[in-house]
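Novice: coords please:
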Amino acid sequence: MKDMDTRLTARVVAADIATGHRSVSDVVQATLDRIDVMEPQVQAFVHLDPALVRARAQELDAADNKGPLAGVTVVVKDMIATRDMPTGHNNVRYTGVMTGVDAAPVDTLRAAGAVILGKTVTTEFAATGRGGKTTNPHDPTRTPGGSSSGSAAAVAAGMAAIGLGTQTGGSTIRPASYNGIWGWKPTWNVISREGLKVYSLTCDTLGLYARTAEDFTLLADVFDLDDAPQPDTLAGLKIAYVHPPAWDRVEPPMRDALAKAAAALQTAGATVSELHLPDLFTRIDESHDIILAREGRAAFLNEARNQPDTLHSEFLSMVENRRQITPQSAREAYKIADTCRALMDDILSDYDAIIAPSATSEAPVGLEWTGDPSMNSLWTLLSVPVVSVPGFSGPNGMPLGISVITRRYTDRTAIAIGALAGPLFAASE
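Specialist: Model prediction:
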């Protein structure tokens with residue numbers, strides 16, 4: 001992908017506005033100009049109102065207290081409520097529906113001075129692997145991933161500084177890998193998910209995209225995340241690499257990327273070793289699948305009752321429990337998840353971080369399917385923070401990301417270690 005605008009990151013914009021180097025209106029107009037160039041190919045947006053965005057910029061320019069994110073452009077996945085834009089969930093029943101209120105994270109970002117640009121493509125209810133219109137900015141014949149397709153592609157194409165997505169399986173971290181940007185799935189429930197479409201209360205998590213790790217640090221401040229160690233060197237850190245239970249699905253280029261990442265960290269002075277997960281973890285993907293089916297049964301019941309003729313069979317299958325998931329199998333799945341979550345807390349207490357693949361491969365060719373989430377679902381169910389670090393690429397020149405994972409509530413540690421690792425990964429190519 002050529003002519004990528006890497007300057008308009010959140011931290012750069014915030015600093016420029018604070019020092020008067022540029023106005024919010026300048027930032028917004030530059031962003032809209034970029035959208036005019038990139039959107040015809042990328043197709044990331046489902047709603048964009050330039051007049052509304054310009055009005056917000058003028059409001060901020062006139063404000064005495066602009067906020068720490070003044071002028072920072074943000075795109076919002078179209079299953080996250082926005083008070084002044086439709087929230088459509090990629091479902092015909094919600095076409096043009098105005099909620100009249102912001103989801104809690106959007107509300108927080110607005111209060112900090114962010115400019116909400118528009119709504120981006122999601123798969124239906126962010127609960128399916130069926131792809132949409134959005135293309136990968138690096139190669140329009142390939143998927144950007146999903147379900148946070150539009151937000152990831154918009155950030156990768158330079159059409160926004162920050163993107164909001166969600167993750168219930170792999171909907172934030174996998175697209176980050178496919179699009180070559182930074183992705184962050186925070187610790188479960190450290191950022192409110194009020195106003196986001198519910199699929200699984202056990203797993204649903206707000207996700208974030210940026211083009212630099214430093215932007216995540218800025219967002220961590222805005223969302224008032226817990227203090228945690230933020231190392232300024234890799235030397236002396238204890239880091240493990242993991243072959244997740246679905247390792248057989250990881251293609252050779254991603255296997256090579258993980259090996260290169262481990263070698264680069266060791267060369268930088270970290271103590272690097274392989275971590276073998278306990279046998280119980282081999283059951284966590286199945287448990288994740290059962291929990292999503294069980295919770296989706298309740299989440300989409302109202303949709304099945306009100307739009308039985310238009311709702312996709314995937315959702316009807318969940319509601320009707322066609323897989324015949326029993327209460328006992330659900331209880332067993334929750335028990336496995338709870339046990340593995342406690343075990344992972346103990347395991348991670350012995351390491352500064354662990355690393356793993358952010359996806360199984362480069363972005364697949366075609367837009368019909370958003371790709372394999374098997375490298376992500378276990379970390380989602382375990383509630384741990386994950387930061388996908390770009391830098392590697394595969395044989396087709398497509399990006400490959402590496403996940404940095406730390407103990408629950410140490411998101412700032414994952415961000416800091418990712419920031420240190422990023423330049424090394426890029427240099428290892």
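Novice: please count neighbours and contacts with C-alpha atoms only from this point.
Specialist: Fine.
Novice: so which bits of stretch 28-44 are buried?
Specialist: Across stretch 28-44, burial judged by 16 or more other C-alpha atoms under 10 Å covers 28-29, 31-32, 34-35, 38-39, 42-44.
Novice: okay, the residues you listed in CSV with distance to Glu320 next?
Specialist: Putting the buried residues of stretch 28-44 into CSV (distance: C-alpha to C-alpha, whole Å) gives the following:
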residue, distance to Glu320
Val28, 47
Gln29, 49
Thr31, 45
Leu32, 45
Arg34, 45
Ile35, 42
Met38, 42
Glu39, 39
Val42, 36
Gln43, 34
Ala44, 33
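Novice: got these as TSV, with pLDDT and secondary structure columns?
Specialist: Shown next, in TSV, are these (pLDDT from 0 to 100; DSSP: H, G, I helix; E, B strand; the rest coil):
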residue	pLDDT	secondary structure
Val28	96	helix
Gln29	95	helix
Thr31	96	helix
Leu32	97	helix
Arg34	96	helix
Ile35	97	helix
Met38	97	helix
Glu39	98	helix
Val42	98	helix
Gln43	98	coil
Ala44	98	coil
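Novice: the stretch 51-200 of the chain: strands as residue ranges?
Specialist: Applying DSSP state E, counting those that start in this stretch to the stretch 51-200 of the chain gives strands spanning 73-77, 115-120, 162-167, 182-185.
Novice: okay if I get the ones you listed as JSON lines plus distance to Tyr334 and mean pLDDT?
Specialist: Below are the strands of the stretch 51-200 of the chain laid out as JSON lines (distance: least, C-alpha to C-alpha, whole Å; pLDDT from 0 to 100):
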{"stretch": "strand 73-77", "distance to Tyr334": "29", "mean pLDDT": "98"}
{"stretch": "strand 115-120", "distance to Tyr334": "33", "mean pLDDT": "98"}
{"stretch": "strand 162-167", "distance to Tyr334": "19", "mean pLDDT": "98"}
{"stretch": "strand 182-185", "distance to Tyr334": "21", "mean pLDDT": "98"}
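Novice: and those as a markdown table, adding mean neighbour count and distance to Leu277?
Specialist: Formatted as a markdown table, those follow (neighbours: other C-alpha atoms under 10 Å; distance: least, C-alpha to C-alpha, whole Å):
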| stretch | mean neighbour count | distance to Leu277 |
| --- | --- | --- |
| strand 73-77 | 28 | 34 |
| strand 115-120 | 28 | 37 |
| strand 162-167 | 30 | 23 |
| strand 182-185 | 32 | 21 |
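Novice: out of those strands, which is closest to Arg22?
Specialist: The closest of the strands of the stretch 51-200 of the chain to Arg22 is strand 73-77. By C-alpha to C-alpha, the value is 14.1 Å.
Novice: quick one: strands adjacent to the closest one?
Specialist: In the sheet, strand 73-77 lines up against strand 115-120 (parallel), strand 162-167 (parallel) (DSSP bridges).
Novice: next, the residue nearest in space to the middle of the chain: phi, psi?
Specialist: By C-alpha atoms, centre = their mean, the chain has its centre lying nearest to Thr172, at 2.4 Å. Here is the backbone geometry of Thr172 (degrees, to the nearest 10): phi -110, psi -50.
Novice: what pLDDT does it get?
Specialist: Looking at Thr172, its pLDDT is 98.
Novice: who are the contact partners of Ile162?
Specialist: Neighbouring residues of Ile162 by C-alpha atoms under 8 Å, 6 or more residues apart in numbering: 9-10, 72-75, 155, 208-211.
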